[in-house]
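Visitor: Quick check, what structure comes out for this input:
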Amino acid sequence: MAILYHRNDALSVNPPAGDQYLTTNGSDWLFTVASIYGFSLLGLYALKFTARAGERFFHYLFIIANFAGLIAYYAMASDLAWTLVGQANQIDRSGLVRQIFWAKYVFWVVAFPTVVIALGVLSGVAWATIVYNVALSWVWVISYLVAAYTPTNYKWGFFAFGLLAQFFLAFQTLQHGRTSAARVGIHGDYLGLAGWVNLLWLLYPIAWGLTDGGNYLGVTPGFIWFGILDVLLLSGVGFAIVFLSRRWDYGRLNIAFTQYGRVPAQPGTFPEKDGPAAATPAAGAPAASA
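Guide: Okay, here's the model as predicted:
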């Protein structure tokens with residue numbers, strides 16, 4: 001039973017390395033974030049059973065994303081999924097070696113598109129637009145990943161590429177998505193969600209520039225910042241969409257799913273509720289009398 005009450009010894013089992021590395025307090029915080037994602041996963045899974053049939057799209061979407069967050073933050077809390085990268089200290093220009101956790105970027109590859117897909121489906125934009133927005137989010141994250149592993153100041157070129165992709169994505173979600181959402185009657189809800197998402201996204205470049213980019217902040221302070229942002233972005237937006245979705249007309253949004261697939265019919269039309277089609281009279285058979 002002692003193992004149940006043992007102090008967090010992740011850094012003893014998986015020791016850190018480098019000049020800037022994860023501390024025990026940082027590991028404790030990351031386990032806390034992993035727990036938040038775990039509870040969010042269970043909460044969304046339970047809410048799935050309260051949703052009407054065919055209206056669980058957003059539940060499924062954020063269940064998977066929170067599952068990915070649980071795995072990624074558990075790995076980082078255990079001091080796994082990292083490599084050492086030589087960096088230039090932006091404070092005194094001395095050389096240092098920093099722990100770069102690639103699991104964080106892998107998680108963003110799942111988390112950012114999840115939010116993008118949710119906003120796209122909600123606003124009613126075309127699937128081609130949603131695919132384009134997802135690709136922009138991947139360009140953004142991958143640019144940051146490459147920049148983090150670049151030991152020279154050329155990293156800021158990749159950072160600029162990611163910043164440009166983020167700008168395009170902000171325009172897509174705040175302008176194009178807002179216009180489309182107005183046509184399906186959820187302009188207010190969409191604008192609030194998209195505004196909140198882009199406000200959080202605005203803080204990611206600042207956090208990255210001070211942590212994996214500029215090395216002004218150590219690994220643990222950086223994870224405190226990113227942990228808060230990730231939870232507010234994924235769990236916060238996920239629960240907000242799930243609760244708000246109870247008052248949306250899935251038929252009008254054209255996201256009603258039934259046993260026949262997605263229903264591009266009139267609002268509230270479900271093939272399961274339709275009566276059996278009248279039998280077609282055989283060739284040559286006399287028509288029924290009126």
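
Visitor: Next one: residue 50 relative to residue 39, how far apart?
Guide: According to CB to CB, to the nearest Å, residue 50 stands 17 Å off from residue 39. All C-beta spots, glycine's among them, are computed from the backbone N, C-alpha and C.

Visitor: again, but for residue 15
Guide: 29 Å.

Visitor: just residue 232 next, same as before
Guide: To residue 39, residue 232 is 15 Å away according to CB to CB.

Visitor: next one: residue 184
Guide: For residue 184, the distance to residue 39 equals 32 Å [CB to CB].

Visitor: Tell me which of those two has more neighbours.
Guide: The neighbour comparison of residue 184 against residue 39 (other CB atoms under 10 Å) goes to residue 184, with 18 against 13.

Visitor: For that one, which non-adjacent residue is closest in space?
Guide: residue 124 (4.6 Å; CB to CB, 6 or more residues apart in numbering).

Visitor: quick one: contacts for that neighbour?
Guide: By CB atoms under 8 Å, 6 or more residues apart in numbering, residue 124 lies in contact with 180-181, 183-184, 253-254.

Visitor: Let's see if you can find the most crowded of these.
Guide: Among the contacts of residue 124, the one with the most neighbours (other CB under 10 Å) is residue 181, at 23 neighbours.

Visitor: in what helix or strand does that one lie?
Guide: helix 177-183 (DSSP states H and E).

Visitor: Residue 142: neighbouring residues, count only.
Guide: 17.

Visitor: Other residues contacting whichever strand or helix holds it?
Guide: In the assignment (DSSP H and E), residue 142 maps to helix 127-148. By CB under 8 Å, 6+ apart, the residues outside helix 127-148 that reach it are 85, 100, 102, 105, 108-109, 112-113, 116-117, 119-121, 155-159, 161-162, 165-166, 168-169, 172-173, 176, 208, 212-213.

Visitor: Give me the buried subset of those residues.
Guide: When the contacts of helix 127-148 are checked for burial by 16 or more other CB atoms under 10 Å, the buried set is 85, 100, 102, 105, 108, 112-113, 116-117, 119-121, 155, 158-159, 161-162, 165-166, 169, 172-173, 176, 208, 212-213.

Visitor: Among those residues, which ones are in strands?
Guide: If you go by DSSP state E, the buried ones among the contacts of helix 127-148 have 85, 100 in strands.

Visitor: So which of the buried ones among the contacts of helix 127-148 belong to helices?
Guide: Counting by DSSP state H, the buried ones among the contacts of helix 127-148 place 102, 105, 108, 112-113, 116-117, 119-121, 155, 158-159, 161-162, 165-166, 169, 208 in helices.

Visitor: and residue 152, which of the three is it?
Guide: When classified by DSSP: H, G, I helix; E, B strand; the rest coil, residue 152 comes out as coil.

Visitor: tell me the pLDDT at it?
Guide: We have a pLDDT of 89 for residue 152.

Visitor: Give me the number of neighbouring residues for it.
Guide: Using other CB under 10 Å, residue 152 is surrounded by 9 other residues.

Visitor: so how far is residue 192 from the residue nearest the centre of the chain?
Guide: The residue lying closest to the centre of the chain (CA atoms, centre = their mean) is residue 111, at 2.2 Å. Separation of residue 111 from residue 192 (CB to CB) stands at 20 Å.

Visitor: so how far is stretch 183-190 off the chain centroid?
Guide: 21 Å (CA atoms, centre = their mean, to the nearest Å).

Visitor: err, stretch 177-197, not the other one
Guide: For stretch 177-197, the distance to the chain centre is 18 Å (CA atoms, centre = their mean).

Visitor: Could you report the neighbour count for the residue nearest to residue 162 when sequence neighbours are not counted?
Guide: Nearest residue to residue 162, sequence neighbours excluded (CB to CB, 6+ apart): residue 143, at 3.3 Å. By other CB under 10 Å, the residues close to residue 143 number 21.

Visitor: what about residue 143, distance to residue 169?
Guide: Note on residue 143: its distance to residue 169, by CB to CB, is 12 Å.

Visitor: In a helix, residue 58, correct?
Guide: Yes - judged by three-state DSSP, residue 58 forms part of a helix.

Visitor: For the spatially closest residue to it that is not a sequence neighbour, identify the helix or strand it belongs to.
Guide: Closest residue to residue 58 apart from its sequence neighbours, by CB to CB, 6+ apart: residue 241 at 5.1 Å. Applying DSSP H and E as the criterion places residue 241 in helix 237-244.
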